[in-house]
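Chemist: predicted model and sequence follow; I will ask about them next.
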Amino acid sequence: MTMSEHSHHHSGEPGDLADLLMGSARGLRRRWAESLEPWGLSPHHARALRVVADLQAPRLGVVAEHLRVTPRSATEVVDTLEERGLVERRSDPEDRRATCVVLTPEGARVRAEIDASRRTGGADYFAGLTAAERATLTELLTKLDPRRRLT
């Protein structure tokens, strides 16, 4: 189907836009999950690894907040990452009762590989767009991003 044929099917109505955006998100998510197979990680585990790396030794509760999961779920995800040697638990130097999650050297290596793979996958996914189209899409999606919207 050509672009002009395609545009006849989508009127730009909010429902059509939502369907198109959801379809694109599903496609990206599927590619993301497939790209993680070499490391044997789920997208959820990869997100947790990124949170631990970016926040540099966050407490377990902070990991849960960033992943928007219960502390119990965060514990299970961290257990899996710890079993794989990607993170380790340490007691918080400021509060011995609290536990921090620390990236191991292996975790840092895997995180860097996953990030590189994600960049390549994203570049492949958006390769059909011109640089100007990618810039416009970035601008539009940034306007819609709830984390960036001003209320």
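Modeler: Good, I have the coordinates.
Chemist: tell me the SS of the most centrally placed residue in the chain?
Modeler: Central residue of the chain (CA atoms, centre = their mean): Arg47, 5.2 Å from the mean position. Under DSSP: H, G, I helix; E, B strand; the rest coil, Arg47 falls in the helix class.
Chemist: wait, it touches Val69, no?
Modeler: No. Using CB atoms under 8 Å, Arg47 is not in contact with Val69; the gap is 9.9 Å. No exception for glycine: its C-beta is placed from N, CA and C like everyone else's.
Chemist: report the longest strand in the protein, please.
Modeler: Across the chain, the longest stretch assigned as strand under DSSP state E is strand 95-103.
Chemist: what lies in contact with it?
Modeler: 49, 52-53, 56-61, 63, 78, 81, 86-92, 111 (CB atoms under 8 Å, 6 or more residues apart in numbering).
Chemist: if we can go back for a sec, list the residues that contact the residue nearest to the centre of the chain.
Modeler: Counting by CB under 8 Å, 6+ apart, Arg47 makes contact with Leu67.
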